[in-house]
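Participant: Predicted model, plus sequence, below.
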Amino acid sequence: MMKMKRRLLPLSLALLAILAGCKSKPVNPLIGEWTSTTQASADGAAGCPTHYQFTDTTQTLTVAGHNVSLPVSYKVQPNLVTVVMQMRTNSFKVLTPDTVAWTSGPCTYKRD
């Protein structure tokens, strides 16, 4: 019994070191579907997509009734997610777990 405990201790320590060294990917609060809550009277509101759907690798937005899907990656920071597309980026400030807003422009969204 004592020999078994002596063998398990180094194994347990090695597993603990491996787990401590693993970096987990931050949770992306944008993943899911979002609907615009932008006030129609807001300056630039006409340029806001009416709907977004975010997956781990794509963004689908609805503009003038047409869906456009693009491959994306994300930079996730506390209360800020930057959507990285081939030609540009768009950042969303996380106001609550169920509301976000563009960091530039009037567009605001609620989780579906």
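Facilitator: Received, thanks.

Participant: how close does the residue nearest the centre of the chain sit to residue 89?
Facilitator: The C-alpha lying nearest the average C-alpha coordinate of the chain belongs to residue 28 (Cα atoms, centre = their mean; 3.0 Å). Distance of residue 28 to residue 89, given as Cβ to Cβ, to the nearest Å: 15 Å. For glycine as for every other residue, the C-beta is placed from the backbone atoms N, C-alpha and C.

Participant: One more: residue 109?
Facilitator: 17 Å.

Participant: Comparing those two, which shows the higher neighbour count?
Facilitator: Between residue 109 and residue 89, counting by other Cβ atoms under 10 Å, residue 109 is the more crowded of the two (24 against 12).

Participant: so which helix or strand takes in that one?
Facilitator: Using DSSP states H and E, the element containing residue 109 is strand 108-111.
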